[in-house]
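Engineer: give me coordinates for this.
(one chain, ligands or ions: 2)
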Amino acid sequence: MPAEETSLNFIEEIIEQDLKNGKYKSIVTRFPPEPNGYLHIGHASSICLNFGLTKKFPGYTNLRFDDTNPMTEETEYVESIKEDVRWLGFEWKNERYASDYFDQLYEFALTLIQKGLAYVDDSSSEMIANRKGTPTEPGKESADRNRSVEENLDLFKRMKAGEFPDGSRTLRARIDMAHHNMLMRDPVLYRIKHAHHHRTGDKWCIYPMYDMAHGQSDSIENVTHSICTLEFVPHRELYDWLIKNLEIYPSHQYEFARRNINYTVTSKRKLLQLVNEKYVTGWDDPRMPTISGLRRRGFTPESIRDFCDRIGVAKRENLVDVGLLEFCVREHLNKVALRRMVVFDPVKVIITNYQENHNEKVKSENNPEDVSSGAREIPFGKEIYIERDDFMENPPKKYFRLAPGQMVRLKSAYIIKCDEVIKDAGGRISELHCSYLPDSHSGHDTSGVKVKGTLHWVSVNDAVEVEVREYDRLFKVEDPASEAGDFKDYINENSLKIVKGYAEPSLLSAALGEHFQFLRKGYYCLDKDSDNGKFIFNRTVTLKDVWAKEQQKTSVQK
Ligand code: ATP
Ligand code: MG
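Structural biologist: Ligands and ions are numbered 1, 2, ... in the order given. Below is the predicted model:
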């Protein structure tokens with residue numbers, strides 16, 4: 001992995017220069033989500049960047065809801081966004097809303113009209129689009145472009161007063177219909193929309209467009225470095241034009257590449273479709289690339305921040321491998337997850353020379369990577385479960401698990417040897433009869449016997465039945481949004497597999513938010529659907545990258 005943290009990214013370099021040469025003493029950034037959905041892993045990059053900058057350099061970051069579109073925005077989204085930003089480990093200085101500035105933005109619009117730099121156009125949106133021209137041909141001016149300042153003021157005030165229906169008029173900047181940048185060809189600044197807004201209610205029936213709201217909100221908040229994604233590069237000219245002509249605080253816009261990961265979609269609109277059309281159970285379905293989905297799946301804030309650091313800040317778009325995100329969560333969970341034993345596909349082992357009803361408990365470390373995590377006691381017994389695939393009747397060489405006549409260690413307990421294989425009428429193995437070495441107890445083994453394999457196990461009498469939800473990629477292709485047809489045609493129908501597990505009893509006290517490593521299996525966490533003695537665990541990620549291995553195998557076979 002490249003050591004990204006040691007070198008500055010290009011935005012940090014700009015800021016370091018700005019601070020060095022005295023342009024600023026401290027900086028202000030903002031994270032500006034539109035509250036029209038839940039945050040996803042792409043947003044995490046923007047959050048880590050904006051908040052990270054003001055951790056590294058003097059200054060602060062605002063959380064600003066870009067709520068200028070009354071149709072799609074909801075308070076539920078506002079609350080979830082705040083929860084997710086905090087969960088990721090960041091705290092904003094001020095919570096702001098573009099709608100807080102509607103009065104101020106209206107005043108700005110009046111200023112532009114008075115300066116002859118904006119006019120009310122009676123054209124429909126189709127007419128405006130038709131007269132926009134092409135990158136090589138100039139657009140056509142609207143007949144309303146030369147209205148007097150008085151007439152424009154009167155019409156704009158009446159737009160605000162609700163005298164006109166939706167779409168009948170707009171306020172446009174008066175720039176240049178032949179401008180090489182199409183966005184500068186008299187862009188629309190305000191539109192009429194008789195709609196209820198989640199914060200301002202029915203006070204407004206005109207709403208500012210993105211360009212009229214965003215830069216001005218930045219300026220009102222004295223944002224020094226306004227960071228957005230690359231699709232806004234052409235907007236920068238308009239951003240600067242408005243600030244200059246309004247003679248307000250000069251915020252500056254910088255752009256970086258959107259971060260998207262493979263085998264999923266990162267667009268709130270598409271994610272909303274998955275929710276509404278019930279392809280997933282909700283925004284926090286553990287298969288979703290949303291922050292809330294990742295949290296429920298068992299990802300930690302540390303792992304997501306590490307992922308964002310590692311992919312860094314780029315100037316060119318590329319699809320990031322979800323394998324890297326999984327690598328980051330494995331790295332972190334290895335340090336913090338509590339080790340537990342769960343058998344998924346059990347076969348019963350009877351330890352023939354072990355005392356009946358002995359009630360022995362063995363001690364096992366909670367996490368060998370973290371001595372402070374202590375140890376727990378696990379009941380041992382005459383009858384235990386091991387994984388069916390940890391036994392082979394006719395093993396190949398170098399098979400170190402259980403086989404007839406072969407010995408293995410049961411984790412934190414004894415060495416056992418398989419003496420007899422019992423099968424049912426159908427020829428399926430039903431029991432393994434083993435003997436144990438009483439002097440081989442882990443930690444004080446005096447048996448002198450060395451074995452290579454260690455198996456996880458649970459005592460049959462004490463096993464707790466749990467449900468385990470195993471997740472796979474939500475989509476079958478790397479970039480569903482760029483495939484032909486509907487992105488939903490590429491959904492992986494097998495992205496959820498529900499299996500049973502037999503868990504050691506300490507998992508009865510598992511709590512939401514705790515992370516576990518089920519030995520030799522993967523990382524898991526309790527799901528919120530658990531209740532009334534029903535334990536449901538989500539598989540966060542397998543222990544090793546089985547997927548990459550499978551891929552390798554198939555490509556070798558090919
Ligand atoms: P979506 O298409 O998912 O709705 P958006 O850009 O419209 O994305 P916003 O709520 O407007 O979503 O985004 C808030 C901030 O997060 C913006 O500054 C935006 O540039 C940034 N952002 C959104 N998606 C990504 C991404 N995939 N990678 C990096 N930054 C992103
Ligand atoms: Mg948006």
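Engineer: what's the domain layout of this protein?
Structural biologist: The chain breaks down into these domains under automatic domain parsing: 5-256, 268-338+466-557, 342-456.
Engineer: of the ones you listed, which is nearest ligand 1?
Structural biologist: If you check each of the domains of the chain against ligand 1 by CB to the nearest ligand atom, domain 5-256 wins as the nearest, at 2.1 Å. C-beta: built from backbone N, CA, C; applies to glycine.
Engineer: for that closest one, what is the distance to the chain centroid?
Structural biologist: Taking the mean of its C-alpha atoms, domain 5-256 sits 25 Å from the chain's own mean (CA atoms, centre = their mean, to the nearest Å).
Engineer: touching ligand 1 at all, it?
Structural biologist: Yes - judged by CB under 6 Å from any ligand atom, domain 5-256 comes into contact with ligand 1 at 32, 33, 34, 42, 43, 45, 46, 66, 228, 229.
Engineer: need the contact list for the second one.
Structural biologist: Put plainly, it is residue 33. 39, 43, 65, 66, 81 (CB atoms under 8 Å, 6 or more residues apart in numbering).
Engineer: which of the residues you listed sits closest to residue 314?
Structural biologist: Of all the contacts of residue 33, residue 314 sits closest to residue 43, with 16.1 Å by CB to CB.
Engineer: give me the pLDDT value at that closest one.
Structural biologist: Predicted confidence (pLDDT) for residue 43: 98.
Engineer: for the residues of domain 5-256 next to ligand 1, which entry has the maximal number of neighbours?
Structural biologist: residue 45 (26 neighbours; other CB atoms under 10 Å).
Engineer: so who does that one touch?
Structural biologist: Residue 45 neighbours (CB under 8 Å, 6+ apart): 259, 308, 311, 313.
Engineer: so the nearest residue to the first one once chain neighbours are set aside, which of the three states?
Structural biologist: When the adjacent residues along the chain are set aside, residue 259 lies closest to residue 45, with 4.2 Å between them (CB to CB, 6 or more residues apart in numbering). Three-state assignment for residue 45 (DSSP: H, G, I helix; E, B strand; the rest coil): helix.
Engineer: which residue packs closest to residue 124, ignoring adjacent ones?
Structural biologist: Nearest to residue 124 is residue 167, by CB to CB, 6+ apart, at 6.4 Å.
Engineer: OK, contacts around that neighbour?
Structural biologist: With contact set as CB under 8 Å, 6+ apart, residue 167 has these partners: 124, 125, 191, 192.
Engineer: quick one: buried ones out of those?
Structural biologist: Buried members of these, counted by 16 or more other CB atoms under 10 Å: 191, 192.
Engineer: okay, and which of the contacts of residue 167 map to helices?
Structural biologist: residue 125 (DSSP state H).
Engineer: residue 362 belongs to a helix?
Structural biologist: No - going by three-state DSSP, the assignment for residue 362 is strand, not a helix.
Engineer: quick one: residues contacting it.
Structural biologist: Shown in contact with residue 362 (CB under 8 Å, 6+ apart): 377, 378, 380, 412, 413, 441, 442.
Engineer: at 10 Å what do you get?
Structural biologist: Residue 362 is in contact with 375-380, 410-414, 441-443, 459, counting by CB atoms under 10 Å, 6 or more residues apart in numbering.
Engineer: those helices in the stretch 301-450 of the chain, which residues are they?
Structural biologist: Counting by DSSP state H, counting those that start in this stretch, the stretch 301-450 of the chain has helices at residues 301-311, 322-336.
Engineer: the closest residue to residue 285 other than its chain neighbours sits in which helix or strand?
Structural biologist: Distance criterion CB to CB, 6+ apart; nearest residue to residue 285, sequence neighbours excluded, is residue 293 at 5.6 Å. Per DSSP states H and E, residue 293 falls inside helix 291-297.
Engineer: quick revisit: possible to save the contacts of residue 167 as JSON lines with distance to residue 359?
Structural biologist: As requested, the contacts of residue 167 are arranged in JSON lines below (distance: CB to CB, whole Å):
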{"residue": "124", "distance to residue 359": "83"}
{"residue": "125", "distance to residue 359": "78"}
{"residue": "191", "distance to residue 359": "75"}
{"residue": "192", "distance to residue 359": "78"}
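Engineer: now the contacts of residue 167 in CSV, with pLDDT?
Structural biologist: CSV is the format used below for the contacts of residue 167 (pLDDT from 0 to 100):
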residue, pLDDT
124, 97
125, 95
191, 98
192, 98
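Engineer: can you show me the strands along the stretch 451-558 of the chain?
Structural biologist: For the stretch 451-558 of the chain, applying DSSP state E, counting those that start in this stretch gives strands covering 454-455, 458-459, 464-471, 496-503, 516-518, 522-526, 536-542.
Engineer: which strands and helices sit next to the last one?
Structural biologist: With contacts taken as 3 or more CB pairs under 10 Å, 6 or more residues apart in numbering; DSSP states H and E, strand 536-542 sits against helix 291-297, helix 322-336, strand 464-471, strand 496-503, strand 516-518, strand 522-526.
Engineer: repeat that for the third one.
Structural biologist: In terms of contacts (3+ CB pairs under 10 Å, 6+ apart), strand 464-471 is packed against helix 291-297, strand 342-343, strand 496-503, strand 522-526, strand 536-542.
Engineer: ok, back up a step: and of the contacts of residue 167, the nearest to residue 88?
Structural biologist: residue 191 (34.0 Å).
Engineer: how about residue 399: what's its closest non-neighbour residue?
Structural biologist: residue 392 (5.9 Å).
Engineer: quick one: pLDDT of that neighbour?
Structural biologist: pLDDT, residue 392: 96.
Engineer: ditto for the one 3 residues further on
Structural biologist: According to the predicted model, the pLDDT of residue 395 comes to 94.
Engineer: my read: it touches residue 401, true?
Structural biologist: Yes - under the criterion of CB atoms under 10 Å, residue 395 makes contact with residue 401 at 7.5 Å.
Engineer: among these two, which residue is more densely surrounded?
Structural biologist: Under the neighbour definition other CB under 10 Å, residue 395 and residue 401 were set side by side, and residue 401 has more, 18 against 14.
Engineer: neighbours of residue 211, how many?
Structural biologist: Neighbours of residue 211 (other CB under 10 Å): 19.
Engineer: one step back: buried subset of the contacts of residue 362, written for PyMOL?
Structural biologist: Restricted to buried positions by 16+ other CB under 10 Å, the PyMOL selection for these reads:
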select buried, resi 376+378+379+380+410+411+412+413+414+441+442+459
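Engineer: in strands only, show me the contacts of residue 362.
Structural biologist: 375, 376, 377, 378, 379, 410, 459 (DSSP state E).
Engineer: so what pairs up with the second one in the strands?
Structural biologist: According to DSSP bridges, the partner residues bridging residue 376 are residue 364.
Engineer: in this structure it contacts residue 508, no?
Structural biologist: No - using CB under 10 Å, residue 376 is not in contact with residue 508; the gap is 11.7 Å.
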